[in-house]
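> Quick one: sequence and predicted model below, then my questions.
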Amino acid sequence: METIKKYLRRYFIDAMGAMALGLFASLLIGTIFKALGMIPRLEFMATIGGYAQAMAGAAMAGAIAYSLKAHPLVVFSAASVGYAANALGGAGGPLAVFFIAIVAVEVGMLVSKKTKVDIIVTPFVTVFVGGVLSILVAPHIGTLVGYISEFIGWAAYQAPFVTGIIVSVVIGMVLTLPISSAAICAGLVLTGSAAAHAASSAAVNPEGLAIAGAAAVAGCCAQMVGFAVISFRENRWNGILSQGIGTSMLQMPNIVRRPQIWIAPTLASAITGPLAVCVFDLKMYGAAINSGMGTCGLLGPIGMILGWYSPENAYPYEVSALNWIGLILVCFVLPAVLSFIFNEILRKMGWVKTGDMKLEL
């Protein structure tokens, strides 16, 4: 059991978390540069952003190799593997990078520093294994992800209320868990962006995925803002900043001790998700990674806004006052109010007590 836990942490917490950082440093920052390039006389920013986005696969694989404590030659070689896996994986590029990079890095480590010609053997083995897997496996991962994304999009389009609840709650909880919700949203392509689905080999329902992406944004914001507000007694303004703009993952040790503190923000996400998509008609057309960011650096709401106005995302609707009001309410106001109300009820019931959410800040 301990061995299983060790590998689960190594691959699905450490490696996936690092992969998200690689995405931040390439795809996400590239998206921001491209948005800045929309400003007159700053068009060169869009060029910078394009190059940054093109390196997403290499950045993800390098980050994964680094998290696995790979030797330098393995880390550097992983960049080529990531680029190939992302390019050949199509819509499932991030997921293909995740699995293929892990295998290539682990095999590379088996030979690293074992021979006198390490400078040739290590990169050869790492790139060969990763390259072969990219050619043989990545396209199939891309196809599978395309079908899963299509199912999510179909479900969200057919039943936005129910899907809004499910996606908001599940992705919101994943954000608080030591797993990367951003990487999952990127892997499942939870966005309606035309650019994101250009490489998909499956039939794509952009509007349905845009609905699912908006619900994911709502759920993530509910967790972060919710915990920031309901733990204010214990953590004051430091807690507001560290959880509301940083991450609600800080509460995981407290959740393990007192699971009931998770109820309030999770109930809030179950309400804000369907409100976002059924009442305020919010749709995510920004980068899929933003769907899993919540209020971390305000990147969830920013991604929504960039999706509205960036030409390459091909947002097919007029942005209305209702959309703007809904964005503010769903991402900030409602999570705070609803989580506070639910938490006060739990306090009166004796389920939550002062000190349960204290952070060591």
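Cool, the structure landed.
> Run through who's touching the helix or strand containing A196.
Under DSSP states H and E, the secondary-structure element containing A196 is helix 194-197. By C-beta atoms under 8 Å, 6 or more residues apart in numbering, the residues outside helix 194-197 that reach it are 91, 189, 204, 206, 209, 287-288, 312-314. (Glycine included, C-beta is placed from N, CA and C.)
> Show the average pLDDT along the following helix or strand past that helix.
Downstream of helix 194-197, the next assigned helix or strand under DSSP H and E is helix 206-230. The average pLDDT within helix 206-230 is 94.
> In JSON lines: the contacts of helix 194-197, plus distance to A79.
Below are those laid out as JSON lines (distance: C-beta to C-beta, whole Å):
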{"residue": "A91", "distance to A79": "22"}
{"residue": "V189", "distance to A79": "23"}
{"residue": "V204", "distance to A79": "29"}
{"residue": "P206", "distance to A79": "31"}
{"residue": "L209", "distance to A79": "29"}
{"residue": "A287", "distance to A79": "21"}
{"residue": "A288", "distance to A79": "22"}
{"residue": "E312", "distance to A79": "25"}
{"residue": "N313", "distance to A79": "27"}
{"residue": "A314", "distance to A79": "31"}
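> what sits against the residue nearest in space to the middle of the chain?
The residue lying closest to the centre of the chain (C-alpha atoms, centre = their mean) is A182, at 0.6 Å. A182 sits next to 20, 23-24, 289-293 when contact means C-beta under 8 Å, 6+ apart.
> Relative to A196, how far out is N343?
36 Å (C-beta to C-beta, to the nearest Å).
> Helices along the stretch 101-250 of the chain, start to end?
Remark: helices assigned in the stretch 101-250 of the chain by DSSP state H, counting those that start in this stretch are 118-136, 138-158, 160-176, 181-188, 194-197, 206-230, 232-241.
> Indicate which one of those helices is closest to W262.
helix 160-176 (7.3 Å; C-beta to C-beta).
> what sits up against that closest one?
Residues outside helix 160-176 that contact it (C-beta under 8 Å, 6+ apart): 152, 155-156, 181, 184-185, 190, 211-212, 215-216, 218-220, 222-224, 227, 247-249, 251-252, 255, 262, 265-266, 269-270, 272-278, 291-292, 294.
> could you redo the last one with a cut-off of 7 Å?
By C-beta atoms under 7 Å, 6 or more residues apart in numbering, the residues outside helix 160-176 that reach it are 155-156, 181, 184-185, 211-212, 215-216, 218-220, 222-223, 248-249, 251-252, 266, 269-270, 272-274, 276-278, 292, 294.
> gap between the lowest-mean-pLDDT helix or strand in the chain and the chain center?
Lowest mean confidence among the helices and strands of the chain (mean pLDDT, DSSP states H and E): helix 194-197, at a mean of 73. Offset of helix 194-197 from its chain centre (C-alpha atoms, centre = their mean, to the nearest Å): 17 Å.
> now stretch 144-153
The answer for stretch 144-153 is 17 Å, by C-alpha atoms, centre = their mean.
> Would you list the phi and psi of the residue of the chain most remote from its centre?
In the chain, counting by C-alpha atoms, centre = their mean, K116 sits farthest out from the average C-alpha position, at 41.3 Å. Main-chain torsions, K116, degrees, to the nearest 10: phi -80, psi -10.
> and stretch 267-285, which residues are buried?
By neighbour count with 16 or more other C-beta atoms under 10 Å, stretch 267-285 contains the buried residues 267-277, 280, 282-285.
> Now the buried members of the contacts of helix 160-176.
Looks like these have 155-156, 181, 184-185, 211-212, 215-216, 218-220, 222-223, 248-249, 251, 266, 269-270, 272-274, 276-277, 292, 294 buried, using 16+ other C-beta under 10 Å.
> ok, for A101, nearest residue in space, not its chain neighbours?
A61 (4.0 Å; C-beta to C-beta, 6 or more residues apart in numbering).
> Over to C331?
Counting by C-beta to C-beta, 6+ apart, the residue nearest C331 is C221, at 4.3 Å.
> G273 too?
Per C-beta to C-beta, 6+ apart, closest to G273 is S168, 2.4 Å.
> So V217 sits against G307, correct?
No - under the criterion of C-beta atoms under 7 Å, V217 is not in contact with G307, lying 10.2 Å apart.
> any shared contact partners between the two?
With C-beta under 7 Å, 6+ apart as the test, V217 and G307 both reach M284.
> So if I had to pick from the two, which one is more boxed in?
V217 (36 against 28; other C-beta atoms under 10 Å).
> pLDDT weak spots in the stretch 101-250 of the chain?
Counting by pLDDT under 70, the stretch 101-250 of the chain contains low-confidence ranges at 198-204.
> relative orientation of whatever helix or strand A85 lives in and helix 138-158 in degrees?
Per DSSP H and E: A85 is located in helix 72-88. Per axes from the mean of the first three to the mean of the last three C-alpha atoms, to 10 degrees, the angle that helix 72-88 makes with helix 138-158 is 50 degrees.
> What lies in contact with helix 72-88?
Helix 72-88 has contacts (C-beta under 7 Å, 6+ apart) with 56-58, 60-62, 64-66, 93, 96-97, 100-101, 104-105, 108-109, 112, 118-119, 122-123, 126-127, 130-131, 134-135, 138-139.
> Ends of stretch 307-327, what's the gap?
End-to-end distance for stretch 307-327, by C-alpha to C-alpha, to the nearest Å: 13 Å.
> Please state the offset of stretch 334-349 from the chain centre?
Using C-alpha atoms, centre = their mean, the offset of stretch 334-349 from its chain centre is 27 Å.
> buried ones in that stretch?
Those would be 334-336, 338-340, 342-343, 346-347, for stretch 334-349 by 16+ other C-beta under 10 Å.
> Could you do stretch 223-238 as well?
Neighbour-count burial for stretch 223-238 [16+ other C-beta under 10 Å]: 223-232, 235.
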